[in-house]
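In: return a 3D structure for these sequence lines:
(one chain, ligands or ions: 1)
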Amino acid sequence: MRARVEKPACAGCGVCVEMCPAVFEMGADDTAEVKVDVVPTEAEATCRDAADQCPTSAIVIMQG
Ligand code: SF4
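Out: Residues are numbered from 1 along each chain as shown. Predicted coordinates for the structure are as follows:
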């Protein structure tokens, strides 16, 4: 599983970083970034939760 942040849509709220720091971090431009190529198996559930909780639906989850 992979994840991506649509930067133009990101409000920079930090919710995803708080919920799933294994996958998300804040970038220098104050929007979130995905810091891993492949989401670690143990972080998949929290990564999906973070995507669900993102207020602007800026997180895209991709299988494979
Ligand atoms: Fe951006 Fe969504 Fe993460 Fe908030 S939860 S920082 S809007 S990607």
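
In: okay, now the nearest residue to Phe24 once chain neighbours are set aside: neighbour count?
Out: Nearest non-adjacent residue to Phe24, counting by C-beta to C-beta, 6 or more residues apart in numbering: Cys16, 4.2 Å away. In short, each C-beta sits where N, CA and C put it, glycine included. Applying other C-beta atoms under 10 Å, we find 27 residues neighbouring Cys16.

In: got it, and the one 10 residues further on?
Out: Met26 has 14 neighbouring residues, counting by other C-beta under 10 Å.

In: same question for the one 5 residues further on.
Out: By other C-beta under 10 Å, 17 other residues sit near Thr31.

In: and the residue nearest to Phe24, how far from the ligand?
Out: 3 Å (C-beta to the nearest ligand atom, to the nearest Å).

In: across the sheet, point out what pairs with the residue most central in space within the chain.
Out: Closest to where the C-alpha atoms of the chain average out (C-alpha atoms, centre = their mean) is Phe24, at 4.7 Å. For Phe24, the beta-bridge partners are Val34 (DSSP bridges).

In: then the residue nearest to Phe24 would be within a helix, right?
Out: Yes. Assigned with DSSP: H, G, I helix; E, B strand; the rest coil, Cys16 falls within a helix.

In: got the contact list for it?
Out: Applying C-beta atoms under 8 Å, 6 or more residues apart in numbering, one finds that Cys16 lies in contact with 5, 23-24, 32, 50-51, 53-54, 59.

In: tell me the one among these nearest to Val38.
Out: Distance ranking of those against Val38, using C-beta to C-beta, places Val23 first at 9.9 Å.

In: tabulate the CA atom coordinates of the longest helix along the chain in PDB.
Out: As assigned by DSSP state H, the longest helix anywhere in the chain is helix 44-53. Extracted in PDB, the C-alpha atoms of helix 44-53 (Å, rounded to 0.1, in the frame of the first residue of the first chain):
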ATOM      1  CA  GLU A  44      -1.700   0.600   7.200                       C
ATOM      2  CA  ALA A  45      -4.600   0.800   9.600                       C
ATOM      3  CA  THR A  46      -3.600   4.100  11.100                       C
ATOM      4  CA  CYS A  47      -2.700   5.400   7.600                       C
ATOM      5  CA  ARG A  48      -6.200   4.600   6.400                       C
ATOM      6  CA  ASP A  49      -7.700   6.200   9.500                       C
ATOM      7  CA  ALA A  50      -5.700   9.400   8.900                       C
ATOM      8  CA  ALA A  51      -6.900   9.500   5.300                       C
ATOM      9  CA  ASP A  52     -10.500   9.100   6.600                       C
ATOM     10  CA  GLN A  53     -10.000  11.900   9.100                       C
END
